[in-house]
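Novice: Prediction below, plus the sequence it came from.
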Amino acid sequence: MPYAYDDQNIFARILRGEIPNDTVLETEHTLAFNDIQPQAPVHVLVIPRGPYVCYDHFAAEASEAEIVDFVRATAEICRMTGVGPGDGGDGYRVVANTGKNGVQDVPHFHLHILGGRLLGPMLPKT
Ligand code: 5GP
């Protein structure tokens, strides 16, 4: 089944400037902003400007320019927020919740960059 993008999702509205955001970084193909309900001292959402639903959609269909821009933007955010080990930071976690089992709430591909504290186990025990 093809990916169906809902252009009324909240991140699409942020990209169109209909809803404000606390921007961390803007590039040609990427926008990063602070999560409205942060779960760690650093909690940045990184989104492509293009209409991709999830990680595998982006990975399969985005142009090389979009992918390179997005990946380099994540590196810049790690540097800017001080979490990257290459800049003396204590590390971070990147999360891409996807679909029903991944408990994705907003259907526009995004990475969570989380850091600034010890994050604990990757998943809660069930
Ligand atoms: P998901 O569960 O889809 O991976 O995560 C969606 C994230 O978007 C959540 O962490 C939530 O707090 C965040 N979020 C939802 N609405 C808004 C908003 O209007 N502005 C910002 N900055 N973050 C939002």
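Specialist: Cool, got the structure.

Novice: So which bits of stretch 9-19 are buried?
Specialist: Across stretch 9-19, burial judged by 16 or more other Cβ atoms under 10 Å covers 9, 11, 12, 14, 15. In short, each C-beta sits where N, CA and C put it, glycine included.

Novice: can you check stretch 23-43 too?
Specialist: Neighbour-count burial for stretch 23-43 [16+ other Cβ under 10 Å]: 24, 25, 29, 30, 31, 32, 33, 35, 40, 42, 43.

Novice: Same list, these, but only the ones touching the ligand.
Specialist: Checking the buried residues of stretch 23-43 against the ligand by Cβ under 6 Å from any ligand atom, the ones in range are 33, 35.

Novice: For the buried residues of stretch 23-43, give me TSV that also has pLDDT and secondary structure.
Specialist: What follows is those, written out as TSV (pLDDT from 0 to 100; DSSP: H, G, I helix; E, B strand; the rest coil):
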residue	pLDDT	secondary structure
24	98	strand
25	98	strand
29	98	coil
30	99	strand
31	99	strand
32	98	strand
33	98	strand
35	98	coil
40	98	coil
42	98	strand
43	98	strand
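
Novice: May I ask which two of the buried residues of stretch 23-43 are separated the most?
Specialist: Using Cβ to Cβ, those span at most 25.7 Å, a distance reached by 29 and 40.

Novice: Pull up the residues of the protein that are close to the ligand.
Specialist: So the chain meets the ligand at 10, 19, 21, 33, 35-37, 45, 97, 103-106 (Cβ under 6 Å from any ligand atom).
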